[in-house]
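Model the structure of this input:
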Amino acid sequence: MAYSTINKQTSHFNTLAYSGTGSSNAITGVGFQPDWTWIKQRNGTADHRIVDAVRGVTKDIYSNLTTAQGTNTNGLTAFGSDGFTVGSDGGYNGSSDTYASWNWKANGQGSSNTAGSINTTYTSVNTTAGFSISTYTGNGTSGATVGHGLGAVPEIIWVKALTGSNNWACYHVSIGATKYFRLNENYAAATSTARWNDTAPTSSVFSIGNDGEVNTNGVPYVAYCWAPKIGFSKFGKYTSNDNVIGGFVYTGFKPNWIVIKSIGSGGYNFMLFDTVRKSVNINGTTLQPDSTAAEFDYAENGYVDFLSNGFKVRSTSNGVNGSGATEYSYMAIGQTLVGNNNVPATAR
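The predicted structure is shown next:
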């Protein structure tokens, strides 16, 4: 059976760098109308901002903070057919500042998903790329389930309460349903039955306990879910060898966006690399989702080679391959998608 390759940059996910103006600024070149945009100032210490079409423009949350959702009329003010518009807020568009944006396509605001014991308010899904956005209201009951709409088992789930002061709760397939990360903290993976109810997600729902990070009665939440797609995305873990010629991680495609996090040892930040902010190997141009730190490029913080069928770490940094941590989780997004026979395309 023939298959068709979909160019990722113009269809489902794209990294875009831009410069701020200090006044209303239409950012184009994404290649599609994004439904989820994550923005970080590169040359300064502004918070990471996340805006999506389900919660609505001007509604921002922060990957590095516990802060509740806020309304920011000077932040991201509109999604457009080829990008988005930002206002004068310095976290989005300071004059002479530089920014990175990571953009996913879902399906607009979406509609309610009734597959779980908690009906979502809205679920916006891109099944081709394995990404969904859902909002739901907690019921405080351990063992509750929430529909994600992917039609495949999600291997990464990020949940954030939209009111009050709560940490992010992050499921990753590499640590299983008995453990969780917090996106806003550099801690090691922690153990708890109150996050995912010790229950792995299914192709229709994910399970939650009764912790305030995922399921307080009457509290609204947002959940971002990713399922792997052959030739486009892969999530897993690798073992450190504490050597500047680090181990090779096979993905089956050329990544262009990677997030790495130590599993068993705390004190080491999430590390985010992409091939737009630096397009050549060795790539050490790093931003940290759990920190306001400006972009940096230092050998001691981690170098990565982006290869045609995976990536290779080239550092003894504890952030990616040191002696202080034994295992690392990763999230890799690639450059192409494959068709209905699951045959990977050649990396671009």
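
need the helices for the stretch 101-250 of the chain, in chain order.
193-196 (DSSP state H, counting those that start in this stretch).

can you list the weak-confidence ranges in it?
By pLDDT under 70, the stretch 101-250 of the chain contains no weakly predicted segment.

how many neighbours does Trp104 have?
22 (other C-beta atoms under 10 Å). In short, each C-beta sits where N, CA and C put it, glycine included.

what sits against it?
By C-beta atoms under 8 Å, 6 or more residues apart in numbering, the contact list for Trp104 reads 12-13, 34-37, 126, 129, 131.

who does Val125 bridge with?
Ser132 (DSSP bridges).

Burial check on it, number of neighbours?
With other C-beta under 10 Å as criterion, Val125 counts 23.

gap between it and Ser112?
As judged by C-beta to C-beta, to the nearest Å, Val125 and Ser112 stand 12 Å apart.

and if you look at Gly56?
Gly56 is 16 Å from Ser112, by C-beta to C-beta.

and Tyr250, how many neighbours?
Per other C-beta under 10 Å, the neighbour tally for Tyr250 reads 12.

ok, now which ones touch Asp35?
Applying C-beta under 8 Å, 6+ apart, the residues contacting Asp35 are 52-54, 79, 104-108, 124, 126, 133.

switch the cut-off to 6 Å
53, 105-106, 124 (C-beta atoms under 6 Å, 6 or more residues apart in numbering).

Same check on Asn321?
240, 246, 313, 315.

Can you tell me the element it falls in?
Using DSSP states H and E, Asn321 sits within no helix or strand.

again with Gly91
helix 90-93.

hmm, who's touching that helix?
By C-beta under 6 Å, 6+ apart, the list of residues contacting helix 90-93 reads 20, 25, 39, 46-47, 49, 75, 86.

just stretch 278-285 next, same as before
Here stretch 278-285 has contacts from 273, 277, 297, 303-305, 314, using C-beta under 6 Å, 6+ apart.

now do 10 Å
42, 100, 256, 258, 271-277, 286, 295-307, 311-315, 317, 320 (C-beta atoms under 10 Å, 6 or more residues apart in numbering).

Kindly check the end-to-end length of it for me.
6 Å (C-alpha to C-alpha, to the nearest Å).

now that stretch: how far from the chain's centre is it?
Relative to its parent chain, stretch 278-285 has a centroid offset of 20 Å by C-alpha atoms, centre = their mean, to the nearest Å.

re earlier: and for Val125 and Ser112, which residues touch both?
134, 147.

For stretch 149-166, list the C-alpha coordinates in PDB.
Output of stretch 149-166 as PDB, limited to C-alpha atoms (Å, rounded to 0.1, in the frame of the first residue of the first chain):
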ATOM      1  CA  GLY A 149      -9.600  11.600  22.100                       C
ATOM      2  CA  LEU A 150      -6.400  10.400  20.500                       C
ATOM      3  CA  GLY A 151      -7.600   6.900  19.600                       C
ATOM      4  CA  ALA A 152      -4.100   5.700  20.700                       C
ATOM      5  CA  VAL A 153      -2.400   5.300  24.100                       C
ATOM      6  CA  PRO A 154      -0.800   8.600  25.200                       C
ATOM      7  CA  GLU A 155       2.700   8.300  26.500                       C
ATOM      8  CA  ILE A 156       3.000  11.800  27.800                       C
ATOM      9  CA  ILE A 157       0.300  13.700  29.700                       C
ATOM     10  CA  TRP A 158       0.800  17.200  31.300                       C
ATOM     11  CA  VAL A 159      -2.000  18.400  33.600                       C
ATOM     12  CA  LYS A 160      -2.300  21.900  35.200                       C
ATOM     13  CA  ALA A 161      -5.000  23.300  37.500                       C
ATOM     14  CA  LEU A 162      -6.300  26.600  36.200                       C
ATOM     15  CA  THR A 163      -7.200  28.100  39.600                       C
ATOM     16  CA  GLY A 164      -5.200  28.300  42.800                       C
ATOM     17  CA  SER A 165      -1.600  27.500  43.100                       C
ATOM     18  CA  ASN A 166      -0.800  24.000  42.000                       C
END
